[in-house]
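**Student:** Got a predicted structure here, sequence first:
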Amino acid sequence: MADDDKNPAREVITDYAQAHFRYFRTADGTVYAQKNGHPVARPIRSQGTTGSHRQELMVGLYKDGIGVFNGTALKEALDLIEALALTEDTQPVHIRVAPGFDGATWLDLGRNDGQSVRIHPTGWDIAIPDPREVCWRRTQLTGELPLPAKDTDDKGIDLLLRLCNFANAETECLALAWLIGCLEPSVPVPAPFLTGPQGAGKSTGGRMLVRIIEGMSGDLRRAPKDEANLTAAVAAGWVTALDNLSHMTPDLSDAMCLIVTGAEDVKRALFTDGDVFRARYRRPLLLTGIDVGVIRPDLAERLLPLRLERPSVRRTEAELWAEYAEVLPVVLGSLLDLTVKVRAAEAETPTDLRMADFAHLCAQLDAATGLGALAAYRRSLDDLNDDVIEGDLLAQTVLRHADSLEAGAEQRMTSTEWLHCLSSLYSGDELRSLPKGWPTTGKVLSDRLKRLQPTLAARGVLIDSGRTSEGRYLEMTRLAAPPPHEHKPMF
């Protein structure tokens, strides 16, 4: 054949690629390649160690006897493919958990054969998802899960609770509610905070909970030193687990709030002057530690305390994890069975709690099992409010002032007048100096009280702000009685 009749290498690569892969773009403009019949998609520009599209394309061309091509031909072919894909309809990619058709939810088992779990209203099955329904994205943090066992009769739940050192039944049902929430991509779930004395197995318990969703390679990590590294770790996996926290900086606290309820991070794209890179994330978060010091009110509303106790009998790590790996298929199968039951249960959504979706899930769990998860969740929030108040002298002073008001009374002053009133109340007759961090201006006081609003409201004190012709004001109202909560007994 004459040289003029030969197709250029870039055209040979392009024809092969379009015959063996489906190319599409996500909403942020990233182009992905998905091998025909396989649910895993890879960014075509990825150079990751988990296997890039460039690598799988080169291997396919070589194994199918097409040939070996130089980097220039591959680059030109991928440039053309990327340009063509930008004209296609968008489709999202998902890590570990994804919504499907007809109200179904998919769980990626991380297997090479693409088998996943489809959770639907009447049960769950193991299947390979249609590429048009679900596209999985995998990273180095995507571990492999075993095939879940069928017809477990809830044995896996009992096996899991026997391995963990949960302090009581309330902690157990809240842990189950969190695991069920991790399988629902549209439900923000509070972050479990595993606490307890030294030797209670907090790190081990955290790993056990995480590995039900992330596989045996799932592990706990140290808290990153800055928000950028935390965001990168969160975006690369589904469950983010931080171990042995002893201090919570304001920046880390704010970042955790964003992880739990969702946020978007915008950065300048590499090697560009004006392009930006958008990263949206909302992930399940898990924390362990004995004490993190003062907890900010906004984070307290997004936490789920799980208390552990020291085991009476110690076991070796090798023995413990060998048993865990053996029972993991049954544990996962039982969790899937329970998830189907909970989703089918009807329950009213509590309207007085910040994490309303999780509160509704707890109510559904109660309707399906009678465990009393919602009452346990309310009590955990009350305990966290106590922790916030005990660590905040301003909150204590506000409640002390509110005690001097009659039930139902309202008091309105400017923020500066409130600052003078509360500072005088704290100093008292002894004229003790104001503590470090005490508000220094009316504006700072107003901002602090806005942050404390949910905590104070839970103790029957409402803080509101407004404006009249004379200027802005802050108003304190003492309720006749704290909002009543119905606490059902645990079964």
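**Tutor:** Thanks, I have the structure now. Numbering: from 1, shown residues only.
**Student:** Is residue 449 in contact with residue 462, as I believe?
**Tutor:** No. With contact defined as CB atoms under 8 Å, residue 449 does not reach residue 462; the gap is 10.8 Å. For glycine as for every other residue, the C-beta is placed from the backbone atoms N, C-alpha and C.
**Student:** Give me the more crowded residue out of the two.
**Tutor:** residue 449 (22 against 14; other CB atoms under 10 Å).
**Student:** check contacts around the most centrally placed residue in the chain.
**Tutor:** Closest residue to the average C-alpha location of the chain: residue 284 at 1.9 Å, with CA atoms, centre = their mean. Taking CB atoms under 8 Å, 6 or more residues apart in numbering as the criterion, residue 284 is in contact with 178, 181-182, 189, 191, 213, 238-240.
**Student:** which of these lies closest to residue 119?
**Tutor:** residue 182 (12.0 Å; CB to CB).
**Student:** Residue 309 versus the closest one, what's the distance?
**Tutor:** Remark: distance between residue 182 and residue 309 (CB to CB, to the nearest Å) = 24 Å.
**Student:** which of the two has more neighbours?
**Tutor:** Using other CB under 10 Å as the criterion, residue 182 and residue 309 rank with residue 182 on top: 25 against 15.
**Student:** low pLDDT regions in the stretch 201-350 of the chain?
**Tutor:** 263-280, 292-293 (pLDDT under 70).
**Student:** Mind doing that once more with 50?
**Tutor:** Scanning the stretch 201-350 of the chain for pLDDT under 50 picks out the ranges 270-272.
**Student:** Isn't residue 222 up against residue 245?
**Tutor:** No. Applying CB under 8 Å, one finds residue 222 not in contact with residue 245, separated by 9.1 Å.
**Student:** Comparing those two, which shows the higher neighbour count?
**Tutor:** residue 245 (18 against 9).
**Student:** residues contacting the closest residue to that one other than its chain neighbours?
**Tutor:** Nearest residue to residue 245, sequence neighbours excluded (CB to CB, 6 or more residues apart in numbering): residue 289, at 3.8 Å. If you count contacts by CB under 8 Å, 6+ apart, residue 289 has them with 193-195, 202, 243-246.
**Student:** what's the helix or strand that contains residue 464 packed up against?
**Tutor:** Per DSSP states H and E, residue 464 falls inside strand 461-468. Where contact means 3 or more CB pairs under 8 Å, 6 or more residues apart in numbering; DSSP states H and E, strand 461-468 is packed against helix 393-403, helix 442-457, strand 471-478.
**Student:** Outside of it itself, which residues are in contact with it?
**Tutor:** Contacts for strand 461-468 (CB under 8 Å, 6+ apart): 398-399, 402, 446, 449-450, 452-453, 456-457, 472-479.
**Student:** rewinding a little: out of the helices and strands packed on strand 461-468, which is closest to residue 262?
**Tutor:** Among the helices and strands packed on strand 461-468, if distance is taken as CB to CB, the winner is helix 442-457, at 18.7 Å.
**Student:** mean confidence score for the closest one?
**Tutor:** Per-residue pLDDT over helix 442-457 has a mean of 92.
**Student:** Using PDB, write down the CA coordinates of that helix.
**Tutor:** Output in PDB follows, covering the C-alpha atoms of helix 442-457 (Å, rounded to 0.1, in the frame of the first residue of the first chain):
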ATOM      1  CA  GLY A 442     -21.300  45.100  69.700                       C
ATOM      2  CA  LYS A 443     -20.800  43.700  66.200                       C
ATOM      3  CA  VAL A 444     -18.600  40.800  67.400                       C
ATOM      4  CA  LEU A 445     -21.200  40.100  70.100                       C
ATOM      5  CA  SER A 446     -24.000  40.000  67.500                       C
ATOM      6  CA  ASP A 447     -22.100  37.600  65.300                       C
ATOM      7  CA  ARG A 448     -21.400  35.300  68.300                       C
ATOM      8  CA  LEU A 449     -25.000  35.300  69.400                       C
ATOM      9  CA  LYS A 450     -26.100  34.400  65.900                       C
ATOM     10  CA  ARG A 451     -23.800  31.400  66.000                       C
ATOM     11  CA  LEU A 452     -25.200  30.400  69.400                       C
ATOM     12  CA  GLN A 453     -28.800  30.800  68.400                       C
ATOM     13  CA  PRO A 454     -29.600  27.000  68.000                       C
ATOM     14  CA  THR A 455     -27.900  26.100  71.200                       C
ATOM     15  CA  LEU A 456     -29.700  28.800  73.200                       C
ATOM     16  CA  ALA A 457     -33.000  28.000  71.600                       C
END
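**Student:** so how far is it off the chain centroid?
**Tutor:** 26 Å (CA atoms, centre = their mean, to the nearest Å).
**Student:** Equivalent analysis for stretch 362-370, please.
**Tutor:** With CA atoms, centre = their mean, you get 22 Å for stretch 362-370.
**Student:** so for it, what's the average pLDDT?
**Tutor:** On average, stretch 362-370 scores 96.
**Student:** before we move on, the earlier item: report the angle between the strand holding residue 464 and strand 471-478.
**Tutor:** 160 degrees (axes from the mean of the first three to the mean of the last three CA atoms, to 10 degrees).
**Student:** Check which element follows whichever helix or strand residue 298 is part of along the chain.
**Tutor:** Per DSSP H and E: residue 298 is located in helix 297-300. Sequence order places strand 303-307 as the next helix or strand after helix 297-300, per DSSP H and E.
**Student:** Now tell me what touches that next one from outside.
**Tutor:** 166-168, 171, 174-175, 178, 189-196, 205, 287, 295, 377, 380, 383-384.
**Student:** again with stretch 214-228
**Tutor:** Contacts of stretch 214-228 (CB under 8 Å, 6+ apart): 96, 110, 141-145, 203, 206-207, 210-211, 230, 233, 237-245, 251-252, 255, 286, 288, 325, 328.
**Student:** Sweet, I'm off.
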